[in-house]
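Visitor: model the following, please.
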Amino acid sequence: MRLDVPTLFLMTAAVTFLVGVLFLLSWNQSQKESALKIWGIAHLLGSCASCLLALRGQIPDAVSIGFANALMIGAYGLIWSGVRAFERRRPLVGWAVAGGLLWGAACLVPDFYASLPARVILASAIAGLYCALGARAVWQGRSEPLVSRYPAVFLLAAYAGIYWVRIPLAFTLPTPPLRPTFESPWFAALCFTGTLFSVAIAFVFMALTKERAEHEQRLAAETDALTGIANRRAFVDRAGHRLAAGPATLLLFDLDHFKAINDDYGHSIGDAVLAAFCHATLPMLPRRAVFGRLGGEEFACLLPEACTVAAARIAEAVRGAVGRIAPPDYPDLRISVSVGIAATGQGGGLDDLLRRADTALYGAKHAGRDQVMVERAAVDLAAQRVLRRSGSRFATGAPG
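Guide: Residues are numbered from 1 along each chain as shown. Predicted coordinates for the structure are as follows:
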């Protein structure tokens, strides 16, 4: 079946225009995602370029070849710029339009403009480079867990490959000088793939923005707004999953005399103390630790596969770090924390572990606060000797 290339160009223009409008409408509903606006403008420019290319022979070649291809290359540059904006990086719009300007400057050279292979090579090299840079930018942001990130990388990389494969073919399969350009199968192939690219990129980029919004909402629902760590619901969920995978030790923290801090210094200072506690604690915790705020001035940390001795040493390190917090504007403010520790045993889940750690925490409070206390049932004689040799302020047991 023979495809009419001008018709394909017009179809590509229509599809690309609708995709551009869709991006702009989506941006109008979520204006904080500036990438949607950039992608929308890029597709509208691509649509305009396709219309001009479809009018080849009916309008001056300087417009249908020089200006149209400059717009098309600029559109790809803006797609890359939009990807950078999506990844929270500077869009570099100047570099995005530089490719189109380079093409336009090259077209002013008569020998270049008269050579179809030279035009194909330059346009393909620049457009492919923008697509490859877009794929690279998406790949570099893979630390953000978005499922559609990998289809986006594949799509942009594949389109870069389609453009770049034209470069060697321009040397081996040059178009005869007298052959009408629209009869080249490459134009039909590019129109068809361009339409597919516009549709696919719309689905993938829209999916990326939707997944990010859902991910941010989920994080907001699982994060304590004041301290930035996991809230109670998130801690219970994550700790439950870690406990199902194997043994663990729980540290239960409670800031000493926190009500008096709020009463004497005000709730704003109390909030600052909570944030400072988290800031001092996080560097002391191992990478796999699950740390969260249970409510008020009470925090919990689950240490997977950690023994009570290792957990007690971490707790003592936290206690020492918290004791060194010294707000310069409040020299009389003293901050300390009491810690209760319990380890997983036979049976029981997170609720049982929290209950036993709370009993140990009560023992630390009863012993004078600013203490680390390990549940007596979790400390054997060998562990007690290690704890004593450490020289730290540990107490074992709970009041009877």
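Visitor: which residues in the stretch 151-300 of the chain form helices?
Guide: 185-222, 232-245, 258-265, 267-281 (DSSP state H, counting those that start in this stretch).
Visitor: helices and strands around the third one, which ones?
Guide: The reference is to helix 258-265. Here helix 258-265 touches helix 267-281, going by 3 or more CB pairs under 8 Å, 6 or more residues apart in numbering; DSSP states H and E. (Each C-beta comes from the backbone N, C-alpha and C, glycine too.)
Visitor: tell me, how many neighbours does Ala221 end up with?
Guide: 10 (other CB atoms under 10 Å).
Visitor: any idea how far it lies from Ala230?
Guide: Here Ala221 is placed at a distance of 11 Å from Ala230 (CB to CB, to the nearest Å).
Visitor: same deal with His366?
Guide: 29 Å.
Visitor: these two - which one has more neighbours?
Guide: Ala230 (23 against 14).
Visitor: ok, now which ones touch the spatially closest residue to the more buried one that is not a sequence neighbour?
Guide: Distance criterion CB to CB, 6 or more residues apart in numbering; nearest residue to Ala230, sequence neighbours excluded, is Gly292 at 3.6 Å. Residues counted as contacts of Gly292 (CB atoms under 8 Å, 6 or more residues apart in numbering) are 224, 229-232, 234-236, 238-239, 299-301.
Visitor: ok, what's across the strand from Gly292?
Guide: Bridge pairing for Gly292 (DSSP bridges) gives the partners Ala230, Ala300.
Visitor: worst-scoring helix or strand of this structure, pLDDT-wise?
Guide: Using mean pLDDT, DSSP states H and E, helix 381-390 stands out as the lowest-scoring helix or strand of the chain, at a mean of 51.
Visitor: ok now stretch 210-217, how far from the chain's centre?
Guide: 10 Å (CA atoms, centre = their mean, to the nearest Å).
Visitor: for the closest residue to Leu52 other than its chain neighbours, helix, strand, or coil?
Guide: In this structure, Leu52 finds its nearest non-sequential neighbour in Ala68, 3.6 Å apart by CB to CB, 6+ apart. Following DSSP: H, G, I helix; E, B strand; the rest coil, Ala68 is assigned to helix.
Visitor: what's the local residue count around Ala68?
Guide: Neighbours of Ala68 (other CB under 10 Å): 23.
Visitor: Glu298 versus that one, what's the distance?
Guide: 66 Å.
Visitor: residues contacting the residue nearest to Ala306 when sequence neighbours are not counted?
Guide: Once flanking residues are discounted, Ala306 sits nearest to Thr249: 4.7 Å by CB to CB, 6+ apart. Contacts for Thr249 were tallied using CB under 8 Å, 6+ apart; they are 302-303, 306-308, 310-311, 341-344, 378.
Visitor: drop anything exposed from those.
Guide: 302-303, 306, 308, 311, 341-344, 378 (16 or more other CB atoms under 10 Å).
Visitor: now tabulate the residues you listed in CSV and tack on distance to Thr172, secondary structure and pLDDT.
Guide: Conversion of the buried ones among the contacts of Thr249 to CSV gives the following (distance: CB to CB, whole Å; DSSP: H, G, I helix; E, B strand; the rest coil; pLDDT from 0 to 100):
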residue, distance to Thr172, secondary structure, pLDDT
Leu302, 63, strand, 95
Leu303, 63, strand, 93
Ala306, 64, coil, 73
Thr308, 72, helix, 84
Ala311, 68, helix, 91
Ile341, 73, strand, 93
Ala342, 73, strand, 92
Ala343, 71, strand, 90
Thr344, 68, coil, 85
Ala378, 75, helix, 52
